[in-house]
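Student: Test case, fold it:
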Amino acid sequence: QVKLVESGGGLVEPGGSLRLSCAASGRTFENSAMAWFRQAPGREREFITAIDWSGAETIYVNAVKGRFTISRDNAKNTMYLQMNNLQPEDTAIYYCAAYDHDSRPGMLDWEYDYWGQGTQVTVSS
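Tutor: I've put the predicted structure just below:
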């Protein structure tokens, strides 16, 4: 069974940092692009960042550019999201996603084949 499992969420004060992990099991995603999405209360799920199979190509939305960094370790079958200078508007459930085969990153959620269950990130003082 293929699974993506996020971890690392929690409560942090504004200006703080968190590092999310997305561990894959059941198959390797070393040839597939992966991404992070988030869904805030009362809002639709939104794309925030994606990474190609090698880690060389990344995409960020403007809202997180310069604060968030996506990376991956194919040897560990794991993707990461380093989040710095977190703000209350970053509060959301964060989901990781992966393509079945496509190696190039994309921004459309319906194109991703595998999803994690989500991890809650709350930014509040």
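Student: ok now do the residue nearest to the spatial centre of the chain, which residues does it touch?
Tutor: The centroid of the chain falls nearest to W36 when counting by CA atoms, centre = their mean (2.5 Å). Residues near W36 by CB atoms under 8 Å, 6 or more residues apart in numbering: L20, C22, I48, T49, A50, I70, M79, L81, Y94, Y95, C96, A97. (Glycine included, C-beta is placed from N, CA and C.)
Student: who does the helix or strand encompassing the fifth one touch, helix- and strand-wise?
Tutor: Per DSSP states H and E: A50 is located in strand 46-51. If contacts are counted by 3 or more CB pairs under 8 Å, 6 or more residues apart in numbering; DSSP states H and E, strand 46-51 sits against strand 34-39, strand 58-60, strand 68-73.
Student: Deepest-packed of these, please.
Tutor: Highest mean neighbour count among those (mean count of other CB atoms under 10 Å): strand 34-39, with a mean of 23.
Student: Strands of this structure, residue ranges please.
Tutor: Per DSSP state E, the chain carries strands over the ranges 3-7, 10-12, 18-25, 34-39, 46-51, 58-60, 68-73, 78-83, 92-98, 114-115, 119-123.
Student: Tabulate these (TSV), appending mean pLDDT and distance to R104.
Tutor: Shown next, in TSV, are the strands of the chain (pLDDT from 0 to 100; distance: least, CB to CB, whole Å):
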stretch	mean pLDDT	distance to R104
strand 3-7	97	19
strand 10-12	98	32
strand 18-25	97	18
strand 34-39	98	11
strand 46-51	98	9
strand 58-60	97	10
strand 68-73	98	14
strand 78-83	98	15
strand 92-98	98	13
strand 114-115	96	16
strand 119-123	98	26
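Student: And those: which comes nearest M107?
Tutor: In terms of CB to CB, the element of the strands of the chain nearest to M107 is strand 46-51, at 4.5 Å.
Student: Listing partners with orientation, what would you give for that closest one?
Tutor: strand 34-39 (antiparallel), strand 58-60 (antiparallel) (DSSP bridges).
Student: could you dump it to CSV, C-alpha only?
Tutor: The C-alpha trace of strand 46-51 is given here as CSV (Å, rounded to 0.1, in the frame of the first residue of the first chain):
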residue,chain,number,x,y,z
GLU,A,46,-4.1,25.8,-2.3
PHE,A,47,-0.8,25.0,-3.9
ILE,A,48,2.3,26.4,-2.1
THR,A,49,5.4,24.7,-3.5
ALA,A,50,6.6,21.8,-5.6
ILE,A,51,9.9,20.1,-6.5
